[in-house]
Every structure is written in structure tokens, then in C-alpha cells.
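Student: Quick one, structure for this:
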Amino acid sequence: MALITSYYVPGLYVEDHSIDVPLDWRGLEPALLAVGSTLRRGTVPAPISGTTESIKLFYRVICAPEHINDDLPLLVFLQGGPGGEGPRPTSPTSDGWIEEAVKHFRVVLPDQRGTGRSGRVSGKGIQALGERAEAEGADAARTQADFLKRYLASSIVRDFEYLRLTAFGGKPWVTLGQSYGGFLTLSYLSLFPEGIAASFTCGGVPHVPASASEVYAHTFPRMAKKTAQYYERYPQDAERVAALADRLDAGDVELPDGSPMTVERLQLMGSDFGMKPCFERMHWIMDHAFEDADGTLSNLGSDPVVSDDFLANAYARTSTASNPLYWTLQEFIYADGDTMPIRWAAAAEKAKHAEFDPKARPLMFTGEAMFPWMFEQMPELKPFKPAMNLLMEDTDWDHVYDQQRLAANEVPLQAAVYFDDLYVDSSMQLDTLGRVGHSHAWVTNEFEHDGLHGDRVFKHLFDEALNRGDLARLF
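Tutor: Have a look, this model is predicted:
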């Protein structure tokens, strides 16, 4: 392990590490590379112009201070996203599952490639890549698109398997996947099940076979229901949101970064509606949407002023400057092997629902869905637009899931399925789990999509697996 530094945060001992991994895993296998074989097998992919052969994979290892010298089993956390970096805990209780996990495990917190300190991908970086590609005589947009394809599940999982083999002596580890981390879990079980002793997933079992269009056909009705629940809880907000939307529709309102605050961007604030206490957070943001007088609608006049406070909150809620891959890769996590073109699946589905039209009232909020306008209006995403136009038409992607291997799976898999999950449909999760061997589902409506970040979900999953004997080889 390439140790960078070690230190303590309150209640945790932390080590920072980094290793080199291939940018392009095509034709390479972690087990062979781990013993020094760099020969690519099969069709050798053409190098991606303007890139390096390897990138940095950064990861942290944490444990309770009293366990520093103990030989503990390993648990690797598969972060949600796409585009999410690993947790930066301030204490064992700052992310609820960690407090329980460090009682039993040494915990590995990788930054997935392209995030955090693992060769972070940004708008500035993707623009610079295009410029380097053009200088080498290559097509900038195609180069950027091919580069972004290297930041999906098949590459992420190979990074982690190579990490396990080289930094941890090949010792099988337990995986804990949150949201997109559950997608990675099923990919890991498809590709390298021998590397996993047991798996936990929380709100993150993808439908296999994957289809972006199918996902959004389920998502928009749930989003309409969530919006109705919000207005039912805070009826006064329906009128306030409508008044705000009317003002934004008139134009000339800007966010702190200079991008336009539009009705579509207001709708995007519903992305939070799958997390608790989402309705209360939205209610208090809308409480001071307007600057004039006491903000009462009857006192606003014909041209109300949108408050700077609201605009700051709207920017914080909708900007992905810290994780631009979140929206950039959002629909491509459903691409598996040879596929039909994705062609902006969420936008196509939204167009089928008149109630989501920006001029409709009451205004409907959208959820975890990206749209073409983002890459035209949001500064952090504008540099990705040329590549996005190509990726939306691509049909050739890495294979992510092996349905036969999943059906024959022998690795214990314990899944928390949130019945009312906004982002990952519970019926689709259960359909997949019904076709994955040795899987168990805990279905609950007590939690929203972020349930893992409390102190009860992981403990419940761990205790169930332990009592069933699924962790007997570890404890």
C-alpha cells in the first residue's frame, strides 16, 4: 500500500493511500496486472488521445482507535452517485453506518475514479482534454466521449478488485453499496465474485437487464406523487412556488455563478425529495423566496424580487460543481453492452407528462433526472456538451452484468429495499433480487433513500446476516 499519511479524527484512526490503475481496462484483468502482466488480450483498444495510461486511485482506511493493531475483516464502501466521492467522516457518528461498521471491520473508503482525489474529472479538465486531442489531430468530442466511458461501473469495479489484490493481499472483503454503490455491487458479483465474502446494498439494486427508459417511466409518476405530498403537507407552498415560477418565467433572474435561474432549474430542486426531511427543507427555502416586505404574496406586487437568500439555496441545491460526473453519467449507468441509443431518456419521458410542463400549475418537481438544458446553461456542465451529444447516440458499451452468474451467485447478499424509494423503484429491485442467488431483501417504508446515513439500517443488515450465518467465515 502506498501510504501517504496517517492521522486521527475524533473517534477514528485514518490512513490515506493512493495507487496507480489503468485509465483503460479493456483487454486487461486485475489478477494478471497484479502479478505484473501488462499484455492486453483480445482486440487492443486504440489509445485515447491526450490522456495518460494510468490514473491515481485514492482511498482511505479507517478503524476505531482501539483496533489499530487488530486483524479485522475488511469492508469496502461503494459510494453512491455516479460521481460521488467517498465519505469524509468527522467522527464515527457523522455518517451513521460508520459507527457500527468500525466495531467489526477495518473500513476502506475509496474515491471512485474521477471523484475526490482519484483523478477528479471536471469541466475544466474535459475542456483541456479536448484541446489536447485537437492538438494531436483527433476529434475533440469523440475523444472526450471515449474518455468518459472509462468512468463507469466496469472500470470502477476493476479498480477495486485490483486494489484488493495488490494492497490487501487478495483477502476477500465485504462490500457495502449505497444507491449507485448497489449497481456496482451487482457488477462486482458479475465480474469477480471470488473477491467478495458478503455484500450489503441499501436502496441500490438495479433492474437487470438495465434500461434507462424503463427507469424513468417509473420515476416520473413517483415524482408527481412526491410533489403532491409536499403540497398536501404545506398547502401554502403551492401558491408560493407558482408565484416564484411565474417570476422566473419572465427571465432576468441569475444564480450566484451567473447562470439563469429558470423554471426548469426550480423543478430540479425536487431532486432532494427522496431524502428526509426533504419537504421541510423545501418549505423553509420557499419561506423566504421573495425579498419585498414580509414576503406575503399579496404584498409582492406585479414584479416581485427573488431574494438572494433563495438564489443561494437554489444554487447549492442544484449545482454539481463539486461532482460534475453526477449529471454527466446519470443515464449511462444503465448502458450495458450493445444497447439502443439512450437519447436523453428522462427528457423523452418528461415530454409524455403534461403535468411536468414548466408552465403547468401547480408546478411539478423533477427528481434524479438530467436534461439537455443543463449542458447549455450550467457552467460546470457546458464543457461536457459535445461529448454528451455523441454518448447519447452510442450503442457500444462495456458489459456490466452477467445474468447467468448472478443467478448462480453464492455470495451472501443482504439488501435494504426502501418501499417508497424515489430514485430506485422497489418493485424493480425486488424483481432483480428474485433472480440473484443467495440474496435476501429487507423491505421497509420506514426510511427514505438515505436511510443508511442514520444509525439503524446497517446494524439491521449486519445483524440479519450475522444471525443467518452469512458472515461465519469472517467472525
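
Student: show me where the stretch 301-450 of the chain has strands.
Tutor: Counting by DSSP state E, counting those that start in this stretch, the stretch 301-450 of the chain has strands at residues 413-418, 439-444.

Student: Pick the most deeply packed of these.
Tutor: Mean neighbours per residue, mean count of other C-beta atoms under 10 Å, is largest over the strands of the stretch 301-450 of the chain for strand 413-418, with a mean of 26. In short, each C-beta sits where N, CA and C put it, glycine included.

Student: Identify the residues contacting that one?
Tutor: Outside strand 413-418, the residues within contact range by C-beta atoms under 8 Å, 6 or more residues apart in numbering are 182, 185, 189, 198-203, 205, 426, 429-430, 433, 436, 438-445, 447-449, 451-452, 457, 460-461, 464-465, 470.

Student: Would you mind extracting the C-alpha trace of that strand into CSV?
Tutor: Output in CSV follows, covering the C-alpha atoms of strand 413-418 (Å, rounded to 0.1, in the frame of the first residue of the first chain):
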residue,chain,number,x,y,z
LEU,A,413,-26.3,-10.5,-0.5
GLN,A,414,-28.4,-8.6,2.0
ALA,A,415,-30.4,-5.7,0.5
ALA,A,416,-32.3,-2.9,2.2
VAL,A,417,-35.1,-2.1,-0.2
TYR,A,418,-37.0,1.1,0.7
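
Student: How far does that strand sit from its chain's centre?
Tutor: When distances are taken as C-alpha atoms, centre = their mean, to the nearest Å, strand 413-418 is centred 17 Å away from the chain's centroid.

Student: For the strands of the stretch 301-450 of the chain, give me a markdown table that also has mean pLDDT.
Tutor: What follows is these, written out as a markdown table (pLDDT from 0 to 100):
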| stretch | mean pLDDT |
| --- | --- |
| strand 413-418 | 98 |
| strand 439-444 | 98 |
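
Student: Just the element for residue 175, please.
Tutor: Secondary structure from DSSP states H and E places residue 175 in strand 173-178.

Student: what does that strand rub up against?
Tutor: Contacts of strand 173-178 (C-beta under 8 Å, 6+ apart): 73-80, 97, 101, 105, 108, 164, 181, 183-185, 188, 195-204, 452, 458, 471, 474.

Student: Stretch 91-99 now?
Tutor: Stretch 91-99 is contacted from outside by 9-12, 62, 64, 87, 89, 102, 107, 176, 452-458, using C-beta under 8 Å, 6+ apart.

Student: List buried residues within the residues you listed.
Tutor: 11-12, 62, 64, 87, 89, 102, 107, 176, 452-454, 457-458 (16 or more other C-beta atoms under 10 Å).

Student: ok, back up a step: for the contacts of strand 413-418, which PyMOL command selects only the ones that are buried?
Tutor: In PyMOL syntax, the buried subset of the contacts of strand 413-418 is picked out as below (16+ other C-beta under 10 Å):
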select buried, resi 182+185+189+198+199+200+201+202+203+205+426+429+433+436+439+441+444+447+448+449+451+452+457+460+461+465+470
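
Student: In the sheet, which strands lie alongside the helix or strand encompassing residue 21, parallel or antiparallel?
Tutor: Assigned by DSSP H and E, residue 21 belongs to strand 12-22. Strand pairing for strand 12-22, using DSSP bridges, gives strand 3-9 (antiparallel), strand 54-63 (antiparallel).

Student: how far is the first one from where the chain is centred?
Tutor: Centroid displacement of strand 3-9 relative to its chain, using C-alpha atoms, centre = their mean, is 26 Å.

Student: could you give the mean pLDDT of that strand?
Tutor: Regarding strand 3-9, the rounded mean pLDDT is 97.

Student: what's next to it, contact-wise?
Tutor: Residues outside strand 3-9 that contact it (C-beta under 8 Å, 6+ apart): 13, 14, 15, 16, 17, 18, 65, 89, 90, 91.

Student: which residues in the stretch 301-450 of the chain form helices?
Tutor: 308-318, 325-328, 345-350, 374-377, 385-391, 403-407, 426-433 (DSSP state H, counting those that start in this stretch).

Student: distance between the longest one and the chain's centre?
Tutor: Using C-alpha atoms, centre = their mean, the distance from the centre of helix 308-318 to the centre of the chain it belongs to is 22 Å.

Student: packing partners for that helix?
Tutor: helix 263-268, helix 278-287 (3 or more C-beta pairs under 8 Å, 6 or more residues apart in numbering; DSSP states H and E).

Student: Among the helices of the stretch 301-450 of the chain, show me which one is buried the most.
Tutor: Once neighbours are counted as mean count of other C-beta under 10 Å, the most buried of these proves to be helix 325-328, having a mean of 25.

Student: What mean pLDDT does it get?
Tutor: Mean predicted lDDT for helix 325-328 stands at 98.

Student: Show me what that helix is in contact with.
Tutor: For helix 325-328, using C-beta under 8 Å, 6+ apart, the contacting residues are 81-84, 114-115, 121, 148, 151, 320, 370, 374, 381, 384, 388.

Student: before we move on, the earlier item: any idea which of the helices of the stretch 301-450 of the chain gets closest to residue 34?
Tutor: Nearest to residue 34, of all these, is helix 403-407, at 21.2 Å by C-beta to C-beta.

Student: and residue 201, helix, strand or coil?
Tutor: Here residue 201 takes the strand state, with states given by DSSP: H, G, I helix; E, B strand; the rest coil.

Student: pLDDT score for the residue nearest to it when sequence neighbours are not counted?
Tutor: Leaving aside its sequence neighbours, residue 201 sits nearest to residue 182 (C-beta to C-beta, 6 or more residues apart in numbering; 3.7 Å). You'll see residue 182 listed with a pLDDT of 98.

Student: How about residues contacting the helix or strand that contains residue 182?
Tutor: When elements are assigned from DSSP H and E, residue 182 belongs to helix 180-191. Residues outside helix 180-191 that contact it (C-beta under 8 Å, 6+ apart) are 77-82, 84, 153-154, 156-158, 160-161, 175, 177, 195-196, 199, 201-206, 208, 333, 400-402, 405-406, 409, 411, 413, 415, 424, 432, 436.

Student: do stretch 103-111 as well
Tutor: Applying C-beta under 8 Å, 6+ apart, the contact partners of stretch 103-111 are 57-64, 67, 72-77, 79, 85-87, 98, 101, 117-118, 159-160, 163, 168, 173-174, 462, 475.
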